[in-house]
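*Asks:* 3D, please:
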Amino acid sequence: MTKVDEILSAGNWTNHDVVEQLPENLNHKMVQKARLGKKPVPRHTQDLLTEALNRLINPEKVFRREDLFPAGES
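*Replies:* Below you'll find the predicted structure:
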């Protein structure tokens, strides 16, 4: 289980909830790949997901890319 998947599962959020935060730049396939963690997620996608999660979850808790995608997963 990846950090992204842990966060979304804990909050009971779906991939669609994340995509709604940045619909012009993010798609469901990108979110699903990050949740599964089978393949490396490109840095640009990591940045988009980080921004979308920060908008979705909580403005007081700001995630950094390094928090969501540790060196071994990128």
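*Asks:* what sits closest to the spatially most central residue of the chain if chain neighbours are left out?
*Replies:* Closest to where the C-alpha atoms of the chain average out (C-alpha atoms, centre = their mean) is L49, at 3.8 Å. Distances taken as C-beta to C-beta, 6 or more residues apart in numbering place A34 nearest to L49, at 5.4 Å, with adjacent residues excluded. Bear in mind the C-beta positions are built from the backbone N, C-alpha and C, glycine included.
*Asks:* next, count neighbours for D5.
*Replies:* Burial measure for D5: 15 neighbouring residues, criterion other C-beta atoms under 10 Å.
*Asks:* again, but for T45
*Replies:* Here the number of neighbours of T45 (other C-beta under 10 Å) works out to 20.
*Asks:* that one contacts V31, doesn't it?
*Replies:* No: look at T45 against V31 with C-beta atoms under 8 Å: they stay out of range, at 9.1 Å.
*Asks:* and the residue lying farthest from the centre of the chain, what element?
*Replies:* No residue in the chain sits farther from the centre than E60, which is 17.1 Å out by C-alpha atoms, centre = their mean. E60 belongs to no helix or strand when assigned by DSSP states H and E.
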